[in-house]
Every structure is written in structure tokens, then in C-alpha cells.
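# return atomic coordinates for the entry below.
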Amino acid sequence: MTFAAPAAPGPAQPSRLSLYLQLIRWDRPAGWLLLLWPTLSALWIAADGFPGWHLLAVFTLGTVLMRSAGCCVNDVADRDFDRHVKRTAQRPVTTGAVSAREALLLGAALALLAFGLVLTTNPPAILLSFAALAVAIAYPFAKRVLAMPQAVLGVAFSFGIPMAFAAAQGGAEWHLHSVPLSAWALLVANLFWVLAYDTEYAMVDRDDDLRIGVRSSAIALGRFDVAGIMAFYAAYLALWTGLSLRLGLGRWFLLGVAAAAAQAVWHFLLIRGRGREGCFRAFRANHWLGFAIFAGTVLDLALRH
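This next block holds a predicted model:
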């Protein structure tokens, strides 16, 4: 009599928690840091210094939650495209490990938690949160119709700026008159930074995007991609610096700007060859550029007071 050898155990299946963490890119904090630094910079400017622990917690946690919710919506919207792109083919929704319904429910729960945080601020900030959510939901579908969908992402990733001004300076009335024009101007300035780093990101996937018909700024700019990115960096730094100086920041803030400008030059060295590795490295390092601006803002306001 012969006995069959027991089958070797297969690879352990990931838990639901690990799949959810993978879905929201928990292991890639660069994404939410790109949203956090301009939001906190605006919060410090609006509050003329340290905004208090309450607002700091609201905007830090809210940024993480909303970026995570955005990943859920994005992966559901892009699941038919992502399977054809090497970098995204193993995302949980794309592989079917997490269903589209499950991902959307998780995204909705995270967005509700973020909304609960906003409810502890004031009516102007609450009103703006609805517009921020609408733009965040619209972005994944913009790449189907717009040549440069990164512009929509730029608005979505910059909406924390007017919300910070509303929370720090707004009153108890249900209107947005307390949000100054300078807050919207800073949003426009920050949009150019998003165009810069997300075009670097799009350069990584350009060959795959061309093959499957997805639009991006890297495709739209063509051979002027590197020049366009550097122009976006220059526009961002010039506009944000000019606006910040008008809002009262001074020479210590300019140290942060100098550090940010030096990083932009380094990014040019990384992307000028248009290699995937260099472009992806430049994208992932962008949060340090934002941190330099934030650090200069905090230092300037702290020393002034």
C-alpha cells in the first residue's frame, strides 16, 4: 500500500487588514505628505503662527483620511486600466482581492471620519469640505476626458489651503466671505507644484498610458515634458513666495524657499534622462520640497513672535 505525500501548504493569504492597508497605500506616506505640507503652511499663515493643537490634529488626521479615501475611489475607477500597467497591476482591487464595493465602502467610511473632524471646526470650513470631496471624486475620471488631468488633481490636492484659512479665520456664519482671496491665490500657486510632481509621476507610466489610451500631462507635453516640469516648479515657487511675502513672511521663510529651489534643481538632474527610476525617485522625494516651505514658514513666524 502506498501513501500520497501531503500537499505542500500554499502561500499564506493576506489578511483583510493588510489588503486594506495596501489599498490606502499605508506603506507610502509620500502621498499624504504632499497634501499635508501646503495645508499646514497655509494653516500657520492663516493663524499667524501656531494654530493650536485642535486645528493641527484636524488637518493632519483629515489629510491622511482623505488621501486614503481618494486611493479607494481611484483604484475602483482605474481597475480596468491598472491591470495593464506594470506598476499598478498588483493593487488589491485590480487583482480582485478586494471587491469594488468593499473598496468604496472603506473609502466612504474614511471620508465620513474626515467629515466628523471637519464638523469640529466652523461653518465655512464645513461648506468647503463638500467642494473638496466633489473634486476628489472627479479626478479619477478626468483622465478620460482631459489632456492634462493633473490640473484637476492639483485643485483636489490644494483644497486644504482655503479650508485651513476658513477654519483659522472664519466665523460662525454659513458663508465663505471670511476666506480671503489670498487663500485662493495660494491654491492656484500650489496647483503648479502638483502639476510638476505629478507629471514626473506620469512620466513613469507614459509608455503604458499611451498603449491603453489614458491621458496625462507627460503625454500632452511630449518632448517638452522636462521643460514643462521645471516651468511648473518655477511658477509654484515664484507665486507662493510672492504671496507669502505679501502676507507678512520674511527672510527666514526665504531660507525654506532656497532649500526648495535647490531640490527642484536636483529633480531636474533626476528626470532629464526621462528614465523611469529617476522620474519615480523625483516624485517620491517631492514631499521634502513641501516640507522645506513649511519649515521656513514655521521658523519665520516663530522668530517674528
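# so where's the stretch 1-150 of the chain uncertain?
Along the stretch 1-150 of the chain, the model assigns pLDDT under 70 to residues 1-13.
# and the helices in it?
With DSSP state H, counting those that start in this stretch as the criterion, the stretch 1-150 of the chain has helices at 16-23, 30-47, 53-77, 79-82, 92-95, 100-118, 123-142, 150-158.
# would a markdown table of these with mean neighbour count and distance to Leu221 be doable?
Any C-beta I mention is one placed from the backbone N, CA and C, and that applies to glycine too. Output for these, formatted as a markdown table (neighbours: other Cβ atoms under 10 Å; distance: least, Cβ to Cβ, whole Å):
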| stretch | mean neighbour count | distance to Leu221 |
| --- | --- | --- |
| helix 16-23 | 16 | 30 |
| helix 30-47 | 23 | 20 |
| helix 53-77 | 21 | 22 |
| helix 79-82 | 17 | 20 |
| helix 92-95 | 20 | 27 |
| helix 100-118 | 17 | 31 |
| helix 123-142 | 19 | 17 |
| helix 150-158 | 24 | 10 |
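# need the ones you listed in JSON lines (columns: distance to Glu277).
Converted to JSON lines, these look like this (distance: least, Cβ to Cβ, whole Å):
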{"stretch": "helix 16-23", "distance to Glu277": "22"}
{"stretch": "helix 30-47", "distance to Glu277": "16"}
{"stretch": "helix 53-77", "distance to Glu277": "23"}
{"stretch": "helix 79-82", "distance to Glu277": "20"}
{"stretch": "helix 92-95", "distance to Glu277": "23"}
{"stretch": "helix 100-118", "distance to Glu277": "29"}
{"stretch": "helix 123-142", "distance to Glu277": "26"}
{"stretch": "helix 150-158", "distance to Glu277": "21"}
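# to Asp300, which of the ones you listed lies closest?
Go through these one by one with Cβ to Cβ and the one that ends up closest to Asp300 is helix 30-47, at 9.2 Å.
# tilt between that closest one and helix 53-77?
Helix 30-47 and helix 53-77 are oriented at 140 degrees to each other (axes from the mean of the first three to the mean of the last three Cα atoms, to 10 degrees).
# now for helix 30-47, which elements pack on it?
Applying 3 or more Cβ pairs under 8 Å, 6 or more residues apart in numbering; DSSP states H and E, one finds that helix 30-47 makes contact with helix 53-77, helix 150-158, helix 160-169, helix 181-204, helix 286-304.
# looking at these, which is nearest to Trp44?
Nearest to Trp44 among the helices and strands packed on helix 30-47 is helix 286-304; the distance by Cβ to Cβ comes to 5.2 Å.
# in a markdown table, list the helices and strands packed on helix 30-47 along with distance to Leu23.
What follows is the helices and strands packed on helix 30-47, written out as a markdown table (distance: least, Cβ to Cβ, whole Å):
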| stretch | distance to Leu23 |
| --- | --- |
| helix 53-77 | 6 |
| helix 150-158 | 19 |
| helix 160-169 | 22 |
| helix 181-204 | 19 |
| helix 286-304 | 21 |
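# mind telling me which of those helices the model trusts least?
Averaging pLDDT over each of the helices and strands packed on helix 30-47 singles out helix 150-158 as the lowest, with a mean of 92.
# and that helix, how far from the chain's centre?
Using Cα atoms, centre = their mean, to the nearest Å, the mean C-alpha position of helix 150-158 is found 8 Å from that of the whole chain.
# also stretch 103-119?
On Cα atoms, centre = their mean, the centre of stretch 103-119 falls 17 Å from the chain's centre.
# picking up where we left off before, compare the helices of the stretch 1-150 of the chain and give me the one nearest Leu269.
That would be helix 30-47 among the helices of the stretch 1-150 of the chain, by Cβ to Cβ, at 19.3 Å.
# put the alpha carbons of that closest one into CSV.
Coordinates of the C-alpha atoms in helix 30-47 are reproduced here as CSV (Å, rounded to 0.1, in the frame of the first residue of the first chain):
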residue,chain,number,x,y,z
ALA,A,30,4.8,60.4,0.5
GLY,A,31,1.3,60.7,-0.9
TRP,A,32,-0.4,62.2,2.1
LEU,A,33,2.7,64.3,2.9
LEU,A,34,2.3,66.0,-0.4
LEU,A,35,-1.1,67.2,0.7
LEU,A,36,-0.1,67.9,4.3
TRP,A,37,2.8,70.4,3.9
PRO,A,38,0.9,73.1,1.9
THR,A,39,-2.1,72.6,4.1
LEU,A,40,-0.1,73.2,7.3
SER,A,41,1.8,76.0,5.7
ALA,A,42,-1.5,77.7,4.9
LEU,A,43,-2.8,77.0,8.4
TRP,A,44,0.3,78.6,10.1
ILE,A,45,0.0,81.7,7.8
ALA,A,46,-3.8,82.0,8.4
ALA,A,47,-3.3,81.7,12.2
